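Peer 1: Curious how this folds, go ahead:
(chains A, B and C)
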Amino acid sequence: MNFWKDPINVAADWLKNVFTGWGLTDPYATALVYLLGAFTMVALVMLLDVFLVWIERKVVARFQDRVGPNRVGPFGLIQPFADIIKLLIKEDITPAGADKVVYNLAPVLSLASVLLLWAILPLSALVYGVDLNVAVLYLVAAGALGTLAVIMAGWSSNNKYALLGAFRTVAQMISFEIPMVVALLIPTILSGSMSLKTVVERQDIWYVILAPLGFIIFLISAIAELGRAPFDLNEAESEIVAGFHIEYSGMKFGLFYAGELLHAFTFGGFMAVLFFGGYRFFGLEQIHPLVAVFILMIKALLGYWVIMWIKYTVPRIRIDHMLAFNWKFLTPMAFALLVVTAVMHKLLSGTQPWVYALGMFLSNVVLLLAALEILRTSARNQRRQEEAALSAIAQTSSH
Amino acid sequence: MDASQIIFGLTALLIIFSALRVVTTRNMVHAALWLIVTLFGVTVLYALLQANFLAVVQVVVYVGAIAILFIFAIMLTRREIRDSGPQLNRGWLLAAFISLAVFGSLLALLYNAPVAGRLAGSLTGEDTLMALGQALVSPDAYVLPFEVASVLLLAALIGAVYVALNKKQESDQ
Amino acid sequence: MIPLSWYLVLSALLFSIGLFGVLARRNAVAILLGIELMLNAVNINLASFWRYGNTAQMGGQVFAIIVFAVAAAEVAVGLALIISVYRRRKTVLAEEIDLMKW
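Peer 2: Predicted structure coming up:
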């Protein structure tokens, strides 16, 4: 039963033989097999995306103490399909004066930048798109593509509010890329490689235990990269009138929305791979590749649930507070964590696993406490300065 | 025809076409977007050359930062929404002649060079990423140019921020 | 297999197109776009000479990475200068920024 053990390669070889039997020469047959594989992956991911819309609406309903869609199909499962049909039959509007090519290309690029990430996510030991040896940087590069899509959308809409919202969104996204890159270096240091498959294989102890602060930094900067609440000032309907996608309606808006949800789920998957052991779970993954995929999907769903939980609990953060938080707190802490992780990894590299884990965990806790103490002291000093200034003004005015 | 030759041919066509659009299009934002297409073509070329790190860094640095910087600068320096007037200056014929001459002389150089017909050696089994990392930080490799380049980047960015700072508030006081 | 000459001809062509952009465009930002094309052509050259030469010799890739850094620095400074000039003279056309000429 070779197919059960290694489904992707067996299917690819069989398909290639079929194509060669039809008369296609070798490079074309391989290219066609790769294309079909990519197409199948994208189709499955988009189906998952539809399912994510249902999850999102049910979970937000439960957080808001209501039921959510339950009319269309059992438990409202057909609701996303009804939404898709509604978006598809809407009128396809292009605003006057908009740059047509760029305007229509922007939502496609936004969704494409998310789908590109599924090429490097290792779904199991043998089921993955490609084992790229610079996969961690590829993650950052796909984020850069998303930024480009936002600028294209904001500029081509011929709308001042769209442009302003796009500027702010891009500023937020590129600002939070820096702590994200530094937090991504933590699993790279701990596993010694940028390839995601190697990161999963070397995670005998989950990296969330070895570097919990790194996970927190990655979580916060990932949520900011996604543009989800509490960092969604730039695209919330009650704020800058939905920001860069104000002029988009119908399926183009559907692409932005679905892309955002899929991006959140993909980041849940990457959090699982980088910090929670990926498709590994105490040896269960060796039973069958599909079990490993199932484990990874459960972990990704848990990560997605945490992101949704934060979204529907925490109020929105203003843009200047957001950027100040990033540059004055998150980035220095990320760099300090990188130095601490590198030093502790070198110091503890020969010791027993539990000494290593305990040492890394304690170093993270110490760093967090030190950072909070610095924050507290600086806040206290600032308060004292303001009180001194106020009392000085009160004294001079009373004279 | 090999698969890599087909890919190279298509990528080369894409790069040349978008580079020509960069230097001839009238709308500046379109020129920046065509530059982004060119940069993606160059990324595919790096991937063909199996320089993975260069390919990914090209997307992160060039597309993700430099191209966005260009788009912002173009949006901040436009007198009106539509660009008007010809985009080529008076000496464009001479410029075309000069660039053709440069291209011709480079071709002549390559035609006579013995190295140009070389085919690639095999790269399997080597860990070029590890070698690159070690070359960048090893004292008897390239750590000094690396550190100097980072100091240069820091100085240039601080200078750029200072130059572009809006000093009108300070001159009003 | 792809001979080295294909990469070199491509980079020479890209360099010439960038040179045309630098010499023939009026908008200062467009001149910077031409410079970016030239830098990319140089990088293609460096990367292909690394690949088709001794791949253990990392100098080609290191040089290309330093060219990335220098290009980023140059674009930042150039665009800052252009924005600053635009604030004063309200123009970015290279032929109109001529106050120091008589």
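
Peer 1: Assign the closest residue to chain A within chain B to helix, strand or coil.
Peer 2: Per CB to the nearest CB, B:Gly64 is where chain B lies closest to chain A, at 2.6 Å. Quick note: C-beta positions are derived from backbone N, CA and C, even for glycine. At B:Gly64 the chain is in helix, as set by DSSP: H, G, I helix; E, B strand; the rest coil.

Peer 1: With adjacent residues omitted, what lies nearest to it?
Peer 2: A:Ala144 (2.6 Å; CB to CB, 6 or more residues apart in numbering or on different chains).

Peer 1: then the host helix or strand of the one you found to CSV, C-alphas only?
Peer 2: Element membership for A:Ala144, per DSSP states H and E: helix A:135-156. Once non-C-alpha atoms are left out, helix A:135-156 reads as follows in CSV (Å, rounded to 0.1, in the frame of the first residue of the first chain):
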residue,chain,number,x,y,z
ALA,A,135,11.4,29.3,3.9
VAL,A,136,11.4,31.7,6.9
LEU,A,137,12.4,34.6,4.6
TYR,A,138,9.9,33.5,2.0
LEU,A,139,7.3,34.1,4.7
VAL,A,140,8.4,37.7,5.0
ALA,A,141,8.5,38.1,1.2
ALA,A,142,4.9,37.1,0.9
GLY,A,143,4.0,39.6,3.5
ALA,A,144,5.7,42.3,1.4
LEU,A,145,3.5,41.2,-1.6
GLY,A,146,0.4,41.9,0.6
THR,A,147,1.7,45.4,1.3
LEU,A,148,2.0,46.0,-2.4
ALA,A,149,-1.6,44.9,-3.0
VAL,A,150,-2.8,47.3,-0.3
ILE,A,151,-1.0,50.3,-2.0
MET,A,152,-2.3,49.3,-5.4
ALA,A,153,-5.9,49.1,-4.0
GLY,A,154,-5.6,52.4,-2.2
TRP,A,155,-4.1,54.4,-5.0
SER,A,156,-6.1,53.0,-7.9
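
Peer 1: wait, what's in contact with A:Ile189?
Peer 2: The contact partners of A:Ile189, by CB atoms under 8 Å, 6 or more residues apart in numbering or on different chains, come to A:Leu338, A:Thr341, A:Ala342, A:His345.

Peer 1: just checking, what packs against the longest helix seen in chain C?
Peer 2: Assignment by DSSP state H gives helix C:59-89 as the longest helix of chain C. When contacts are defined as 3 or more CB pairs under 8 Å, 6 or more residues apart in numbering or on different chains; DSSP states H and E, helix C:59-89 packs onto helix B:52-57, helix B:67-76, helix B:128-137, helix B:143-164, helix C:28-52.

Peer 1: for residue 63, what are its contacts?
Peer 2: All of this refers to chain A. A:Met308, A:Trp309, A:Tyr312, A:Thr313.

Peer 1: actually it's chain C I care about, not the one you picked
Peer 2: Taking CB under 8 Å, 6+ apart, one finds C:Leu46 in contact with C:Phe63.

Peer 1: ok, back up a step: can you give the distance from the longest helix of chain C to the centre of its chain?
Peer 2: Relative to its chain's centre, helix C:59-89 lies at 9 Å (CA atoms, centre = their mean, to the nearest Å).

Peer 1: which helices and strands sit right next to the helix holding A:Ala144?
Peer 2: Checking 3+ CB pairs under 8 Å, 6+ apart, helix A:135-156 ends up next to helix A:100-115, helix A:160-191, helix A:196-201, helix A:251-275, helix B:28-48, helix B:52-57, helix B:67-76.

Peer 1: how about the residues of chain B that lie near chain A?
Peer 2: Residues of chain B found near chain A (CB under 8 Å from any CB of the partner chain) are B:1-3, B:6, B:29-30, B:33, B:36, B:52-53, B:55-57, B:59-60, B:63-65, B:67-68, B:71-72, B:75, B:127, B:129.

Peer 1: From those, list the buried ones, please.
Peer 2: For the residues of chain B next to chain A, a burial check counting by 16 or more other CB atoms under 10 Å in any protein chain shown picks out B:29-30, B:33, B:36, B:52-53, B:55-57, B:59-60, B:63-65, B:67-68, B:71-72, B:75, B:129.

Peer 1: before we move on, the earlier item: in strands, which of the contacts of A:Phe63 appear?
Peer 2: In strands, judged by DSSP state E, none of the contacts of A:Phe63 are found.

Peer 1: just checking, which of these belong to helices?
Peer 2: A:Met308, A:Trp309.

Peer 1: Closest to A:Ala357 out of the contacts of A:Phe63?
Peer 2: Nearest to A:Ala357 out of the contacts of A:Phe63 is A:Trp309 (CB to CB; 26.8 Å).

Peer 1: Give me the distance between that closest one and chain C.
Peer 2: Using CB to the nearest CB, to the nearest Å, A:Trp309 is found at 38 Å from chain C.

Peer 1: got the contact list for the residue nearest to B:Gly64?
Peer 2: Residues near A:Ala144 by CB under 8 Å, 6+ apart: A:Glu177, B:Val59, B:Val60, B:Val63, B:Gly64, B:Ala65.

Peer 1: Check whether the fourth one really touches B:Leu39, as I assumed.
Peer 2: This means B:Val63. Yes. Counting by CB atoms under 8 Å, B:Val63 does reach B:Leu39; the two are 5.3 Å apart.

Peer 1: Quick check: which ranges of chain C have low pLDDT?
Peer 2: The model of chain C has pLDDT under 70 over residues C:101-102.

Peer 1: 80 instead?
Peer 2: Along chain C, segments meeting pLDDT under 80 span C:1, C:55, C:95-102.
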